[in-house]
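Peer 1: build me a structure from this.
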Amino acid sequence: MSAEDFAALCARVRRESGDGAHEVSRGALDTIRPGHVLAAAAEVRSGRTVTMAAQVQTEPGPDDPEPCVHVMTGAVRGAMKRSGLGFARDRFTMNVHGDADSHLDALCHVIYDGTLHGGVDADTVTTAGATALSVEVARDGIVGRGVLLDIPLLRGVPWLEPGDHVTPDDLAEAERFHGVQVGEGDLLFVRVGHRRRRAELGAWHTADERAGLHPSALEFLADRRIAVLGGDGNNDTAPSCTEGVAFPVHVLAVHAMGVHLLDYLQFEDLAAACEEEQRWSFLCVIAPLRLPGGTGSPVNPIAVF
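Peer 2: Presented below is the predicted three-dimensional model:
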């Protein structure tokens with residue numbers, strides 16, 4: 001995709017997603033109205049709950065050279081009293097936007113041509129944190145109807161190979177295959193099989209090679225006016241097919257459309273539950289941490305059937 005074609009695509013998805021119809025401060029989260037939440041609650045029939053988060057990684061690997069550091073700081077075996085009261089305690093240090101741990105990207109995460117979503121000046125991101133569009137936008141949680149589109153299941157393969165793209169036609173065909181339609185305010189999750197490939201073949205340099213959405217797929221999402229996009233990879237394909245832009249899906253979704261992204265989720269449990277329940281929509285609850293000025297947060301989205 002040429003730079004000119006990408007600029008035109010940016011303008012189209014910004015217009016089609018209803019930019020200007022919602023508050024810049026919340027982005028596409030404003031498409032989730034109380035009626036959408038009530039309708040999503042009606043998706044609960046069996047009471048089954050399923051996590052979409054991967055286990056936090058603490059060992060370095062080719063896709064995670066600086067993993068989370070987990071240190072026990074309280075009473076542990078060999079260093080605790082055998083009488084009276086004690087407390088086991090721990091401390092975490094995490095690179096939120098790595099290539100292994102499940103996380104949410106706030107609207108201040110993507111800076112493009114000197115601005116954030118809605119034309120907000122990028123200088124609002126300071127050394128003390130972002131003063132606009134931070135993860136605090138989602139402080140009350142994100143609750144709505146989740147929809148899983150399982151592209152490997154559609155294609156009859158265990159996963160998409162690195163470098164492969166999910167196209168708009170894939171998304172439309174997956175809707176028909178699953179008997180579900182993505183609509184306004186939905187929390188859309190697109191499986192490419194990244195986690196299964198990693199589990200079976202081992203980690204690799206995902207910064208250089210990974211499956212994801214083709215930039216043109218964002219027109220499908222803009223037309224449906226989704227609220228959130230989540231993937232079991234980075235959502236962006238690598239290497240990028242877009243001239244001069246390494247992460248075109250991030251630019252289109254976060255910067256142009258105001259859509260919060262969730263990267264590196266795991267959908268293996270969810271995909272199995274969808275097949276067993278024979279439905280690919282569910283109530284979804286996402287509760288990011290309240291990190292003042294944060295550009296993102298570790299996250300554990302829960303699907304409720």
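Peer 1: okay, CA-based contacts and neighbour counts for the rest of this
Peer 2: Noted.
Peer 1: could you point out which residue ranges in the protein have low pLDDT?
Peer 2: For the chain, the stretches with pLDDT under 70 are 19-23.
Peer 1: not counting sequence-adjacent ones, nearest residue to Phe6?
Peer 2: Nearest residue to Phe6, sequence neighbours excluded (Cα to Cα, 6 or more residues apart in numbering): Thr242, at 7.1 Å.
Peer 1: give the burial count for the closest residue to Asp121 other than its chain neighbours, as a bare number.
Peer 2: Spatial nearest neighbour of Asp121, excluding adjacent residues (Cα to Cα, 6+ apart): Thr115 at 4.8 Å. Other residues within reach of Thr115, judged by other Cα atoms under 10 Å, total 16.
Peer 1: hang on, the earlier thing: list the contacts for the residue nearest to Phe6?
Peer 2: By Cα atoms under 8 Å, 6 or more residues apart in numbering, the residues touching Thr242 are Met1, Ser2, Ala3, Phe6, Pro248.
Peer 1: ok, Val110 next?
Peer 2: For Val110, the contact set (Cα under 8 Å, 6+ apart) comprises Leu116, His117, His250, Val251, Val254, His255.
Peer 1: closest to Gly141 out of those?
Peer 2: The nearest member of the contacts of Val110 to Gly141, counting by Cα to Cα, is Val254 at 17.8 Å.
Peer 1: roughly how far does the closest one sit from Glu277?
Peer 2: 32 Å (Cα to Cα, to the nearest Å).
Peer 1: check Gly293 too.
Peer 2: Taken as Cα to Cα, the span from Gly293 to Glu277 is 39 Å.
Peer 1: what does Arg198 give?
Peer 2: 26 Å.
Peer 1: swap in Thr93?
Peer 2: Distance, Thr93 to Glu277, using Cα to Cα: 37 Å.
Peer 1: ok so, going back, so the residue nearest to Asp121 makes contact with Thr124?
Peer 2: No. In this structure Thr115 lies outside contact range of Thr124 using Cα atoms under 8 Å: 9.3 Å.
Peer 1: more neighbours, Val254 and Glu277?
Peer 2: Neighbour tally, Val254 and Glu277, criterion other Cα under 10 Å: the higher count belongs to Val254, 27 against 14.
Peer 1: specify the local secondary structure of the more buried one.
Peer 2: Three-state call for Val254 (DSSP: H, G, I helix; E, B strand; the rest coil): helix.
Peer 1: same check on Glu59?
Peer 2: coil.
Peer 1: please consider this matter closed, and thank you.
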